[in-house]
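K.L.:
structure for this input, please:
(one chain, ligands or ions: 2)
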Amino acid sequence: MTLIWRDSMSVHNEQIDRDHRYMVCYLNTVELALQNPDEMGVLLTAISQLYNYAYEHFMREELIMKKISYPAFNDHRKEHKDLLEQLLKLKVDLESHYTKEEILEKYDEIVKFLRHWLVDHVLLTDMKLKPFLSQYPKDLSI
Ligand SMILES: [Fe+2]
Ligand SMILES: [Fe+2]
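P.N.:
Ligands and ions are numbered 1, 2, ... in the order given. Purely as a prediction, here's the structure:
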């Protein structure tokens with residue numbers, strides 16, 4: 001089953017919510033590609049797309065945090081940095097350390113990791129932005 005963005009994930013900012021929806025799509029693409037590790041190029045491209053989009057999203061989110069003088073900016077930015085490192089590590093593991101059979105064996109574990117990677121951050125860390133963003137119009141952008 002694919003991951004679906006829900007209204008309960010909204011942080012009262014259209015730009016950030018839109019980015020999160022795209023990240024859910026990119027993540028679903030990675031999950032699909034994991035089911036066919038024979039096409040390693042497709043899998044690595046899918047992870048790179050998720051990584052690149054996450055990188056851009058984190059930059060946008062950080063600029064919005066700066067704009068609203070978000071008090072926990074540094075901790076939040078540190079978490080973004082850690083998330084990018086974790087995703088890069090997964091890419092290296094898939095590319096260099098796991099066989100195709102191992103990727104299929106670890107499918108559930110990798111999918112669980114990816115979903116936690118995205119959803120935990122959105123629901124636990126990004127959600128802390130909501131009370132601050134709620135003081136601004138929803139279309140506040142960078
Ligand atoms: Fe974030
Ligand atoms: Fe975010």
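K.L.:
hey, let's count contacts and neighbours off CA atoms from now on
P.N.:
OK.
K.L.:
roughly how far does residue 73 sit from residue 107?
P.N.:
Going from residue 73 to residue 107 by C-alpha to C-alpha, to the nearest Å gives 34 Å.
K.L.:
list the buried ones in whichever strand or helix holds residue 84?
P.N.:
Assessed by DSSP states H and E, residue 84 sits inside helix 73-92. By neighbour count with 16 or more other C-alpha atoms under 10 Å, helix 73-92 contains the buried residues 76, 77, 80, 83, 84, 87, 90, 91.
K.L.:
can you list those residues in a markdown table and add distance to residue 141?
P.N.:
Formatted as a markdown table, the buried residues of helix 73-92 follow (distance: C-alpha to C-alpha, whole Å):
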| residue | distance to residue 141 |
| --- | --- |
| 76 | 18 |
| 77 | 18 |
| 80 | 19 |
| 83 | 23 |
| 84 | 23 |
| 87 | 26 |
| 90 | 31 |
| 91 | 31 |
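K.L.:
between the residues you listed, which is closest to residue 36?
P.N.:
residue 91 (15.3 Å; C-alpha to C-alpha).
K.L.:
right, and that closest one touches residue 44 too?
P.N.:
Yes. Judged on C-alpha atoms under 8 Å, residue 91 makes contact with residue 44 at a distance of 6.9 Å.
K.L.:
longest helix in this structure, please.
P.N.:
Across the chain, the helix with the greatest residue count (assigned by DSSP state H) is helix 40-67.
K.L.:
pull out the buried positions in that one.
P.N.:
42-44, 46-51, 53-55, 57-58, 60-62, 64-65.
K.L.:
show the contacting residues for the residue nearest the centre of the chain.
P.N.:
The residue lying closest to the centre of the chain (C-alpha atoms, centre = their mean) is residue 118, at 4.2 Å. Counting by C-alpha atoms under 8 Å, 6 or more residues apart in numbering, residue 118 touches 23, 24.
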